[in-house]
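K.L.:
this is a predicted model, with the sequence first.
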Amino acid sequence: MWNNELKIRTMDDMVRIVEEDGILPLFTNSIPGFSLEEHVDPSVWFTEEDGPWEWKGPVIRETGCAYAKLFENKAAFVRRDLYLHLANLRRDGYDFDARFDDGMASFRDKELFELIDLRSPALSRDLKAEGGYGKDGKKGFETLVTRLQRQCYVLISDFAYDVDRHGKRYGWGIGVYSTPEKFFGPSFRREVYGCAPEESREILLDRLGEMLPHVKREKLIRFLGK
């Protein structure tokens with residue numbers, strides 16, 4: 001699948017890759033060729049018509065996948081079954097409260113996590129306003145929310161757009177944040193810690209190895225991270 005012949009021309013192509021392969025990084029990363037950016041047809045990238053940037057929300061809704069900054073602090077789509085294992089690995093057996101109680105998360109992390117958990121699904125700008133982030137307020141929203149995404153306590157569940165008085169959409173999509181527990185429902189909480197984190201790690205490495213047989217295992221380990 002991940003070779004020079006792969007071309008992404010439609011939203012259905014993105015849906016198919018997420019459903020069949022399970023992991024679709026959005027941007028270039030340490031594994032050459034393993035991203036939507038490198039395989040998208042230039043004719044559909046940032047044109048007057050909807051393209052991959054606008055398809056992100058519909059892909060999340062159609063596949064039910066997770067979308068977040070998960071690998072090398074860059075965004076990726078991850079199919080639900082694989083995200084369960086990624087969350088198990090990254091959380092290392094801790095729900096957020098336990099992580100905080102053991103001194104492994106800061107008060108600022110806890111403050112933002114609890115706001116997202118309370119308000120989810122919530123627009124990023126609403127979270128910033130309610131949490132007091134901004135030019136004259138608290139700093140570091142993006143750093144905090146990126147860390148929570150990487151640890152698999154927070155994800156982006158959709159994108160929303162402003163509309164003008166004629167009902168026409170404009171501007172960049174606004175991220176809608178949620179917790180995996182709220183997005184996937186009660187089953188996620190029951191299933192996420194279903195095996196040892198190291199077992200989840202091996203399952204994910206095996207899947208990456210199937211998708212990228214030309215990439216050395218050591219590189220896949222670094223990409224997967226923890």
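P.N.:
Noted; the coordinates are in hand.
K.L.:
contacts, neighbours, all on C-alpha from now
P.N.:
OK.
K.L.:
ranges for the strands of the chain?
P.N.:
23-25, 66-71, 74-78, 122-123, 155-163, 169-178 (DSSP state E).
K.L.:
can I get those strands in TSV with distance to Y133?
P.N.:
Formatted as TSV, the strands of the chain follow (distance: least, Cα to Cα, whole Å):
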stretch	distance to Y133
strand 23-25	28
strand 66-71	20
strand 74-78	22
strand 122-123	13
strand 155-163	19
strand 169-178	15
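K.L.:
please identify the most buried of these.
P.N.:
strand 66-71 (a mean of 26; mean count of other Cα atoms under 10 Å).
K.L.:
any idea of the mean pLDDT in that strand?
P.N.:
The predicted model gives strand 66-71 an average pLDDT of 98.
K.L.:
partners of it in the sheet?
P.N.:
strand 74-78 (antiparallel) (DSSP bridges).
K.L.:
which residues are contacting stretch 105-124?
P.N.:
Stretch 105-124 has contacts (Cα atoms under 8 Å, 6 or more residues apart in numbering) with 96, 99-100, 127, 131, 144-145, 148, 153-154, 157, 160, 174-179, 182.
K.L.:
go ahead and flag the most central residue of the protein.
P.N.:
Centroid-nearest residue in the chain: A68, 1.6 Å away (criterion: Cα atoms, centre = their mean).
K.L.:
which helix in this protein runs the most residues?
P.N.:
For the chain, the helix that runs over the most residues, judged by DSSP state H, is helix 197-211.
K.L.:
quick one on the thing from earlier: what about the residue nearest to the centre of the chain, distance to V44?
P.N.:
Distance from A68 to V44, counting by Cα to Cα, to the nearest Å: 23 Å.
K.L.:
same question for E62.
P.N.:
For E62, the distance to V44 - Cα to Cα - is 20 Å.
K.L.:
before we move on, what about A160?
P.N.:
21 Å.
K.L.:
which stretches of the protein have low pLDDT?
P.N.:
The chain contains residues with pLDDT under 70 at 1, 4, 167, 170.
K.L.:
give me the phi and psi angles of E49.
P.N.:
phi -90, psi 160 (degrees, to the nearest 10).
K.L.:
and it, how many neighbours?
P.N.:
Using other Cα atoms under 10 Å, E49 has 8 neighbouring residues.
K.L.:
and if you look at the one 5 residues further on?
P.N.:
E54 is surrounded by 18 other residues when neighbours are defined as other Cα under 10 Å.
K.L.:
residues touching it, list them.
P.N.:
G173.
K.L.:
do that again at 7 Å, thanks
P.N.:
Not one residue lies near E54 by Cα atoms under 7 Å, 6 or more residues apart in numbering.
K.L.:
can you check the one 10 residues further on too?
P.N.:
Contacts of G64 were listed using Cα under 7 Å, 6+ apart, and they are R80.
K.L.:
F96 and A68, how far apart?
P.N.:
17 Å.
K.L.:
whoops, I mixed them up, F100
P.N.:
21 Å.
K.L.:
with D95 instead?
P.N.:
Counting by Cα to Cα - D95 and A68 are separated by 18 Å.
K.L.:
what's the answer for L224, then?
P.N.:
14 Å.
K.L.:
ok, now K7?
P.N.:
For K7, the distance to A68 - Cα to Cα - is 23 Å.
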